[in-house]
Structure formats: structure tokens, C-alpha cells
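# What follows is a predicted protein model with its sequence.
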Amino acid sequence: MPKFKGIPIIHPSALMRDQSMLLVAANDLKKSLEEPPEHYKPFPSIEDVRAFTATTFSFDIEKPKYRTMGDNAPIEMVGLCATSTEALCVPVRGEYTAELKRIFKGAKAVIGHNCIQYDLPELRNIDIKIDSECQVWDTMLLQHLVCPDLPHDLEFVGSQFVSKPAWKDDKTEGWELYCCRDTDVTYQVWLDLLPMVRKERLLDLYQNVQVPLARICHLLHTTGFKVNPNRIGEVRDRLIKEQDGLETQLPEFLRTRTVPIRKRALAPPGTLGKSGKPVKYVSVPATEKIVPWRSSPAKQRYFYSNDPGCLGMEPILDLKTGNVTTGKMAIAKLFAKTHNPAVTAIGKLNKIDEIITTFAKTDMLAISRMYPHFNVHGTASGRLSASEPNLQNIPESVRCIYVPSHEGWKIVDVDYSNIENRLTAILAGDTARLQKYADPKYSDYKLLVSRAYGIPESEVVKDNSREAPYGKCKAIVLGINYGLGAKKISKMYDIPLKEVHHLLDTWKSEIKLTSLWQQKTAEEAKRTGVLTTPFQRKRYFWTSSTYTESLSFLPQSCAADIIFRAMIALYYDRINWPEEKVKRIIPVYKLVPPRCNMLLQVHDSLVWEAPPEEVDELIDTLKLVMEQPIPELENYRIPVSIKIGDSWSD
């Protein structure tokens, strides 16, 4: 039987659901149906490797034992490619390793996919290094700049730009051939991507921001954040006790219970089965814990059915999918309608369960340090994402487990104050709104409460519940920031439509210039299909969500680039980044004290650890760099707030 191969394409139905794939579909139609040649040497001789003298090449490392050994798995092979369709896979052993050291040391430009945060550091661990002047082209970062909304893994990027049939799931012909294909695809992708980056004038952003940022992200990962196992146990005990108390508020059929079961166990030696033959396993009595309130069908029954003991409420539909939902929004709406304590208890139980199973797991009791990954390519707006674990979303109640690396040191958290609202006002030229932010006690939400309900700002109660004026006004301000209309805000927050219209009109009269800017911005995104920030970062718009996505993109992206530049200005020595390159992106730069360490970047804030004698100097340095005038934003300064404690939560 012939072996058929397919070229990856986007199915028309998928394209109708997600129009951001239009460019990918266009590329698919241009692909050749003729399979490209593979002039590979998966098992090169030492003479073949010695003959490799290219100074610009793509590379890829492979760790076949990674699935069983994790990060400790050794690099067994390195792919090299300096010409399309030609590649060789060099084993990491003996004379071959010496040749790899020669090749990388003599390189003037290397090309890899996610190579800054992964491949190059891994190679450095085995003493294979590039020169400090070597140009690094990371195709994952390049593709993220020109296609921020698309997936960024090599399998997808390769299918986007190269006519090679799908290869990622086929290792039947050996890891060596697989490595050659990865390396060849990376090279071909680079040939297409680099002209695109230059054409879109994104090269400076790549070289001066994305590259050093990726190095800092790798450093954050290797630095990690110390955890106190004793506090993890305390947090778990406290949360489990709180769960037990909340369960008493649930109807009986939703409470946790233990049921008898039978499970398979190893049979004692000499055990015979019914047939009289020896058996390996037997069935033994056991118990199993059932937690009904975790089950969506069980919650749907309680919320929406007319069974005895159930609420019989009208089903609440997810705004995106149209399906019946029991999520956070549904629980909040149901409680607003029923004021049933069991409903709010379910919401709290869900939240606590997520914390316990994600941020305070039992296996963390044996861990002394967490090493999260920070992803430069993580979001379409340019903001970083974090994973394994995602410390950017960790709840306040768990932050107490994160402590300084040394006894007596301090955690310093520095946060840009109200940065997205300030940036929206700056971009809109809304000077009146900016002047209000100069007062540290000012609140958009309190002002709207005062205007809409006639309550003096000083008497407004900060109550986020859906019935409270403050909670309603907060929903309106946030909704306008992200371009939500009256009907959607009304549905999301269960505020009467007439009241929503009144609040919207009142707030828009307060921010006239901002409202006008939002309208113009959304129209430009729809008309041109692209928006460019003052920091030259771009996003392309193809979907029906253009209005809301365009309004959130500009302030979020600008906030990201402001904090990225500050990170580089404060930490460039730790990544061996030249001072002359720092000058290209930020006027004022100063290194933090030598023993202070950056631990996290969490959206608009940076988390540090410092010895007590360097805390004051650290704070002065942070304020100097982070509060400096921003040339791209008419030299506007954004203030920071600083917190100091013995743990992240103190």
C-alpha cells in the first residue's frame, strides 16, 4: 500500500468560525502539491560535519528521553541547516561535540524556534556557545510579531509558511530524520518571516525589546520563587476547613460523601481464580469519595430543574457559546435573583477547589522553589503569559506561601498605578481625565456613583456586589473600557437595561474625549484591519470582535511595552545586554543593587526580593526608572505604588 501524505490546510468551516486564519488559508492555496525534496544526512560522518562551515544556519536540539526524564534528559542530537531542503543531524558525542562547539563559536547568525529561552541555554549547559556578537533569529518571536493572534508552535508555523507535509507526529523513521525536518522547516520559515518583519517595520522591536525580554524571561524561570512548605500546609488546612463549613449550606445530594466500591489489587501469591489457575489481580472492597458539587450536571440539576429540593430557575446561557452554563457568571446571577446561600456557597467552593488543586497541591509540600515559565509569545496584545504554574493569576489568599530566598530578606512589589485607564486617557488626549488621576484618592467608579445616584464621592461605599451602586458603576466603567454595549453589560451583570443606558450616558458625558477616541479607534481597526501602538507593536483584526479587541489592545499593549523597557533598563547586566542597546529604547536606565533579584512580572507589576540594607536603594532605583517620562507618550509619567513585606502577601 502506498503511504499517503497530506499538506496541512484550514477547513472552510473552521475558517468561518475563526476569521483570524484568513492569511493562513491564503498561504495554503499557494502551496505546491509537489512534495519538497529532503537532502538530509540524518547520520553524517565526522567528515560531513567538519565540512559544515556556514556561519548563518538554523539549528534544533532533540532530547528523545525527555518524556521519561524531563528537563534532566540529555541532548542527544543537534540539527544544522544552512540551505533549504538540506540538513544534517549531528550526534552529541566525542569528536562530533567538538565540531559542534567550533560551528557555534564561529557563527555570525543562528536561527532557531524558541531558541532564546530553550535551545541556546540548553546548549550552554554542555559548553556549546555562540559569540556575544552573534545575531540570534528566533522564529517563534518573529512570527509572534507579525501574526500575534495565531498559534506559535513550530508545527503550526511550519504549516503556515512551508509546503512540507505534516511531519511532527511521525517519528517512525527515527529521531534523526525528525530533527533534520525540524531544522529545515525552521530555516525555510525564517526566509519568509524576516522580510515580513522588515516590511512591517518590526525589526527594531524584535532586536531591542523582544530578544532581551526573552533572555530576562529565561532568567526569571531559572531564578524561581521560594515557597514555604509549612505555609502551604497551613493554607490547605484552612481552605479544606472552609470547604467543610460551606458544604453544610448545600442540599444533601450535593454534599461530599463516601461510597463503597470494589477495586483491583495485586493478588497474594498462590491465589487461584474460578478456573483453578493462578491470577495476578483480585477485586477487594474499598471506598471512593464522591463530590457532586464539582459536577456540572449535578449543579445544572440543582439550579434549573424542578425536582424536589432544586431551584427550578430559568437556565442561564453562556454569552459566547449559547449553551446552558453553571459558571461564575451564572452563579452570580442566580444569587442576585434568589439570595440562596447554597448558590453562593457553590461559587465559593468552586473557587477554593481551584486554589487547592492548582496553587496549593499536596505535591507542593515537598517543593522548596517554583520555577514558572514566562512566555514572550503568550498573548496577542504583547503581554507576557506564565505557565507551570501561572503565578500571574495566583489568588491573594495563597501568596503568603511565597517568601524571599534568604532569612530576613524582603519581598518588594512595585505596581504601575491605574496604568490602563491612564493610557486610554493619554491616547485619547483626555487631559481632564488625566488631571483627575493625579489625585491618589480619585476613583472612576466613585465619580460615576456620585454623578448617577447623587451620592457624595466621600460617602460612596466600596461594595462590588451587583445590587450596590459601586458594583454597578464598576461594571459600567470596565464595560466601556472594553467596548461592551448596553445589552451585553445588562446580560452579564443583571442590571436593568434602562439603568445601564442611564449609567452609560452619564459616564460618557464625563469622558467625552475618551468616548470619541474609542469610536475612532474601532473604526480605524475595522477599516484598515490593523492598529499600531506608539511603541510600533501591531495587531491585525479579522473577526467580528474587532470593536472590543481593538479597544483593549492599545492600552494593554502599551502597558506591556512600558514595563518591558523598565525590566531591561533595570536588569540588562544580568543578561549581558550592551548598555548602548538599552539607550535605544529608554532614556533613563539604572541597574538595581547587585543582590536584588527580579522574581516575577505580573501584568503591570514587578516582584523583587532584596536584603534589608538594599531595600531603600532598590525602591529609589525602581521609582527613577519606572516613573520616568515616556517619550512615545508625550513624556507622560505613570506613578508606581510599592509594597514591602516578609512574603508576597504581607
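Now that the structure is in, tell me what you want to look at.
# Contacts only, for residue 264.
By C-beta atoms under 8 Å, 6 or more residues apart in numbering, the residues touching residue 264 are 281, 282, 283, 284. Any C-beta I mention is one placed from the backbone N, CA and C, and that applies to glycine too.
# Would you mind putting the residues you listed into CSV with secondary structure and neighbour count alongside?
Formatted as CSV, those follow (DSSP: H, G, I helix; E, B strand; the rest coil; neighbours: other C-beta atoms under 10 Å):
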residue, secondary structure, neighbour count
281, strand, 12
282, strand, 14
283, strand, 11
284, strand, 12
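# wait, doesn't residue 196 sit right on residue 160?
No: applying C-beta atoms under 8 Å as the test, residue 196 and residue 160 come out as separate, 11.2 Å apart.
# higher neighbour count, the two?
Shown here are residue 196 and residue 160; by other C-beta atoms under 10 Å, residue 160 has more neighbours (21 against 15).
# Can you tell me how far the closest residue to residue 567 other than its chain neighbours is from residue 648?
Leaving out its chain neighbours, the residue that sits closest to residue 567 by C-beta to C-beta, 6 or more residues apart in numbering is residue 216, at 5.6 Å. As judged by C-beta to C-beta, to the nearest Å, residue 216 and residue 648 stand 19 Å apart.
# ok, now residue 85?
51 Å.
# try residue 209
Taken as C-beta to C-beta, the span from residue 209 to residue 648 is 27 Å.
# hmm, what's the outermost residue in this protein?
Distance from the C-alpha centroid of the chain, by C-alpha atoms, centre = their mean, peaks at residue 276 (58.2 Å).
# List the strands paired with the host helix or strand of residue 110, with their directions.
Assigned by DSSP states H and E, residue 110 falls within strand 109-112. Using DSSP bridges, strand 109-112 pairs in its sheet with strand 56-62 (parallel), strand 135-138 (parallel).
# tell me the contacts of residue 128?
Per C-beta under 8 Å, 6+ apart, neighbours of residue 128: 78, 97, 100, 101, 104.
# Which of the helices or strands spans it?
Counting by DSSP H and E, residue 128 is found in no helix or strand.
# any idea how far it is from residue 92?
From residue 128 to residue 92 the distance is 8 Å (C-beta to C-beta).
# Give me the common contacts of those two.
In contact with both residue 128 and residue 92: 78, 100, using C-beta under 8 Å, 6+ apart.
# what's the distance between the residue nearest in space to the middle of the chain and residue 430?
Against the mean C-alpha coordinate of the chain, by C-alpha atoms, centre = their mean, the closest residue is residue 385 at 2.2 Å. Look at residue 385 and residue 430: by C-beta to C-beta, they are 30 Å apart.
# Can you tell me which of the contacts of residue 128 is closest to residue 10?
residue 78 (32.8 Å; C-beta to C-beta).
# just to revisit the earlier point, residues in contact with the residue nearest to the centre of the chain?
374, 375, 378, 379, 392.
# Could you rerun that using 6 Å?
Each residue near residue 385 by C-beta atoms under 6 Å, 6 or more residues apart in numbering is listed here: 375, 378, 379.
# Looking at these, which one is closest to residue 225?
Of all the contacts of residue 385, residue 225 sits closest to residue 375, with 16.7 Å by C-beta to C-beta.
# and residue 82, which of the three is it?
Secondary structure, DSSP: H, G, I helix; E, B strand; the rest coil: residue 82 is strand.
# doesn't residue 57 make contact with it?
Yes: the pair residue 82 and residue 57 passes the contact test of C-beta atoms under 6 Å, sitting 4.2 Å apart.
# Give the residue from these two that has the larger number of neighbours.
In this view residue 82 and residue 57 are compared by other C-beta under 10 Å, and residue 57 has more residues nearby, 24 against 18.
# Look up how far residue 217 lies from residue 223.
In this view, residue 223 and residue 217 are 11 Å apart by C-beta to C-beta.
# same deal with residue 440?
To residue 217, residue 440 is 32 Å away according to C-beta to C-beta.
# between the two, which one's more packed in?
residue 217 (22 against 9).
# Spell out the secondary structure type for the nearest residue to that one once chain neighbours are set aside.
Spatial nearest neighbour of residue 217, chain neighbours left out: residue 374 (3.9 Å); criterion: C-beta to C-beta, 6+ apart. At residue 374 the chain is in strand, as set by three-state DSSP.
# Please apply the same query to residue 413.
Classification of residue 413 by three-state DSSP places it in strand.
# which SS class is the closest residue to it other than its chain neighbours?
Nearest non-adjacent residue to residue 413, counting by C-beta to C-beta, 6+ apart: residue 643, 4.5 Å away. At residue 643 the chain is in strand, as set by three-state DSSP.
# Any idea how many residues pack against residue 643?
Neighbourhood size, residue 643 [other C-beta under 10 Å]: 14.
# so it touches residue 414, yeah?
No: applying C-beta under 6 Å, one finds residue 643 not in contact with residue 414, separated by 8.0 Å.
# Quickly compare the strands paired with strand 109-112 and say which is most buried.
strand 56-62 (a mean of 24; mean count of other C-beta atoms under 10 Å).
# immediately after it, which helix or strand?
helix 66-69.
# before we move on, the earlier item: ok, the residue nearest to residue 567 - contacts?
Shown in contact with residue 216 (C-beta under 6 Å, 6+ apart): 567, 571, 575.
# next one: residue 280
residue 267 are the contacts of residue 280 under C-beta under 6 Å, 6+ apart.
# For residue 87, see how far away it is.
Counting by C-beta to C-beta, the separation of residue 280 from residue 87 is 48 Å.
# circling back to that earlier point, dump the contacts of residue 216 into CSV; add neighbour count as well.
Conversion of these to CSV gives the following (neighbours: other C-beta atoms under 10 Å):
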residue, neighbour count
567, 22
571, 23
575, 16
